[in-house]
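Peer 1: the following comprises the amino acid sequence and a computationally predicted model.
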Amino acid sequence: MGAAVTGVRVLAGTRKGAFVLTSDGRRDQWEISGPHFAGWEVYHVKGSPADPDRLYASQSSGWSGQVIQRSDDGGATWAPAGNQFAYDGTPGTHQWYDGTPHPWEFERVWHLEPSLDDPDTVWAGVEDAGLFRSRDGGQSWQELPALRGHDSGPSWQPGAGGMCLHTILLDPSAPGRMFAAISAAGAFRSDDDGQSWRPINRGLQSEGIPDPDAEVGHCVHRLAMHPERPGVLFMQKHWDVMRSDDAGESWHEVSGNLPTDFGFPIDVHAHEPDTIYVVPITSDAEHFPPEGKLRVYRSRTGGDDWEPLTRGLPQEHCYVNVLRDAMAVDTMDSCGVYFGTTGGQVYASSNAGDTWAPIVRDLPAVLSVEVQTLP
């Protein structure tokens, strides 16, 4: 179970800045710091597992481009880390919606994934579909071109939000093994620290593509794993909640009795590898909860059997969305679950989802939520 802690830090990226929310071990009173980088879109903020004081933030605007910010004091102060992103290799193209070629472009950093054991090493997933790594705390970045350069790359198409590399998972049991997901190309796995990649989409089916069982072309919204059981992966797809028991070699659907199997986030309880959480929304056209009722669904069986968690959440006239990086868990003995909405609320549960309360309301639209359990 979780180790003794002094508190919890919630990191929220929003449309107009980043916010740092801190509490002691009781998690009932919160202090709010922010907005940091006010007025800028902050797509993702994440802390280093190797150093609780090291944070990274992805900051961008249409006027000033992309900047990676770094804090070495838990978010009290920040400094630009670097903006040296450039695609390696020969410029290529991917396929646009109408089938015409479209050049690879650098738009923004969607996701930051610090190393498990080195605070100066951090991975970045970008749009269009690029994977970058920094070994100097974000000062300089190098693309690992094998992913974007995969043989299937020219056939990839963007999802509605762009061709974003939005998920990076590092396997703590197998050094060099990592997983990535791209909308709308699919899920990929590397066993050599990102030097080579292969698609891991067998068992996925997607409507609207020429071959619904194709090796690539699936719109994966999010991947999740439990660090003590990294061979089991969970996926929220454009439609369908999926599970793999063989590190992505094959997938099977576990949507079960969900009211709708469309959504964006998926996460796993810190101490129960078979307890997973999703937030269903009505459809790909209606990005709000079914019947206007905000419900987190929990499965304690690794999928198929789901229960709605509603206590403390609005159950009428609620039309917010919860985006793919906007849910996280802490590692305290009573696992905390957190999520942010496009309506600017950040909700927390200190009892694994049984009851909920807002930490803060009326923020800008929340794009990401990450949590640090502080020693």
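Peer 2: Perfect, thanks for sending it.

Peer 1: low pLDDT regions in the stretch 251-375 of the chain?
Peer 2: Across the stretch 251-375 of the chain, nothing is flagged by pLDDT under 70.

Peer 1: go again using 90 as the cut-off
Peer 2: Across the stretch 251-375 of the chain, residues meeting the criterion (pLDDT under 90) sit at 375.

Peer 1: what about the strands in it?
Peer 2: Under the criterion DSSP state E, counting those that start in this stretch, the stretch 251-375 of the chain contains strands at 252-253, 263-268, 276-280, 296-299, 307-309, 327-329, 337-340, 346-349, 357-360, 366-374.

Peer 1: ok, and what's touching the fifth one?
Peer 2: This means strand 307-309. Here strand 307-309 makes contact (C-beta atoms under 8 Å, 6 or more residues apart in numbering) with R295, V296, Y297, R298, S299, R300, S349, G353, D354, W356. C-beta here means a position set from N, CA and C on the backbone, and glycine is covered the same way.

Peer 1: hmm, which of these are the buried ones?
Peer 2: R295, V296, Y297, R298, S299, S349, G353, W356 (16 or more other C-beta atoms under 10 Å).

Peer 1: the residue lying closest to G74 once chain neighbours are set aside: neighbour count?
Peer 2: Closest residue in space to G74, ignoring its immediate chain neighbours: D53 at 4.9 Å, by C-beta to C-beta, 6 or more residues apart in numbering. The number of residues packed near D53 is 15, by other C-beta atoms under 10 Å.

Peer 1: give the contact list for D53.
Peer 2: S71, D72, D73, G74.

Peer 1: tell me the contacts of the third one?
Peer 2: To tie it back to what came earlier, the one meant is D73. Contacts of D73 by C-beta under 8 Å, 6+ apart are D53.

Peer 1: returning to that earlier point: redo the strands of the stretch 251-375 of the chain as a markdown table? Include distance to D117.
Peer 2: Listed next are these as a markdown table, based on distance: least, C-beta to C-beta, whole Å:
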| stretch | distance to D117 |
| --- | --- |
| strand 252-253 | 33 |
| strand 263-268 | 21 |
| strand 276-280 | 26 |
| strand 296-299 | 31 |
| strand 307-309 | 34 |
| strand 327-329 | 20 |
| strand 337-340 | 25 |
| strand 346-349 | 28 |
| strand 357-360 | 30 |
| strand 366-374 | 16 |
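
Peer 1: to G130, which of the ones you listed lies closest?
Peer 2: Nearest to G130 among the strands of the stretch 251-375 of the chain is strand 366-374; the distance by C-beta to C-beta comes to 18.7 Å.

Peer 1: hmm, back to that, if we take the buried ones among the contacts of strand 307-309, which one ends up nearest to V278?
Peer 2: For the buried ones among the contacts of strand 307-309, the nearest to V278 is Y297 (5.3 Å; C-beta to C-beta).

Peer 1: so the closest one is in contact with Y277, correct?
Peer 2: Yes: in this structure, Y297 is within contact of Y277 by C-beta atoms under 8 Å, at 7.1 Å.

Peer 1: who wins for most neighbours among the contacts of D53?
Peer 2: With neighbours taken as other C-beta under 10 Å, the top of the contacts of D53 is S71, carrying 22 neighbours.

Peer 1: quick one: name whatever helix or strand follows the strand or helix carrying the residue nearest to G74.
Peer 2: In this assignment (DSSP states H and E), D53 forms part of strand 51-61. Where DSSP H and E defines the elements, the next helix or strand beyond strand 51-61 is strand 65-71.

Peer 1: helices and strands around that following strand, which ones?
Peer 2: strand 51-61, strand 79-82, strand 108-114 (3 or more C-beta pairs under 8 Å, 6 or more residues apart in numbering; DSSP states H and E).

Peer 1: give me the contacts around that strand.
Peer 2: Against strand 65-71 from outside (C-beta under 8 Å, 6+ apart): 36-37, 53-60, 77-83, 85, 106, 108-109, 112, 124, 134, 137-138, 141.

Peer 1: buried ones in that strand, by neighbour count?
Peer 2: Q66, V67, I68, Q69, R70, S71.

Peer 1: between it and strand 51-61, how many degrees?
Peer 2: Going by axes from the mean of the first three to the mean of the last three C-alpha atoms, to 10 degrees, strand 65-71 is angled at 160 degrees with respect to strand 51-61.

Peer 1: kindly export strand 65-71 (C-alpha atoms) in PDB.
Peer 2: This file holds the C-alpha atoms of strand 65-71, laid out as PDB (Å, rounded to 0.1, in the frame of the first residue of the first chain):
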ATOM      1  CA  GLY A  65       4.700  29.200 -30.400                       C
ATOM      2  CA  GLN A  66       5.700  26.400 -28.000                       C
ATOM      3  CA  VAL A  67       7.700  26.700 -24.800                       C
ATOM      4  CA  ILE A  68       8.600  24.100 -22.300                       C
ATOM      5  CA  GLN A  69       8.600  25.500 -18.800                       C
ATOM      6  CA  ARG A  70      10.500  23.900 -15.900                       C
ATOM      7  CA  SER A  71      10.200  24.300 -12.100                       C
END
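
Peer 1: how near is A12 to T77?
Peer 2: Between A12 and T77 the computed distance is 18 Å (C-beta to C-beta, to the nearest Å).

Peer 1: who has more neighbours, these two?
Peer 2: Comparing A12 with T77 by other C-beta under 10 Å, the one with more neighbours is A12, at 29 against 10.

Peer 1: I'd assumed T22 was in contact with the more buried one.
Peer 2: No: when contacts are counted by C-beta under 8 Å, A12 is not listed as touching T22 (11.7 Å).

Peer 1: which residues do those two both contact?
Peer 2: Joint contacts of A12 and T22 (C-beta under 8 Å, 6+ apart) do not exist.
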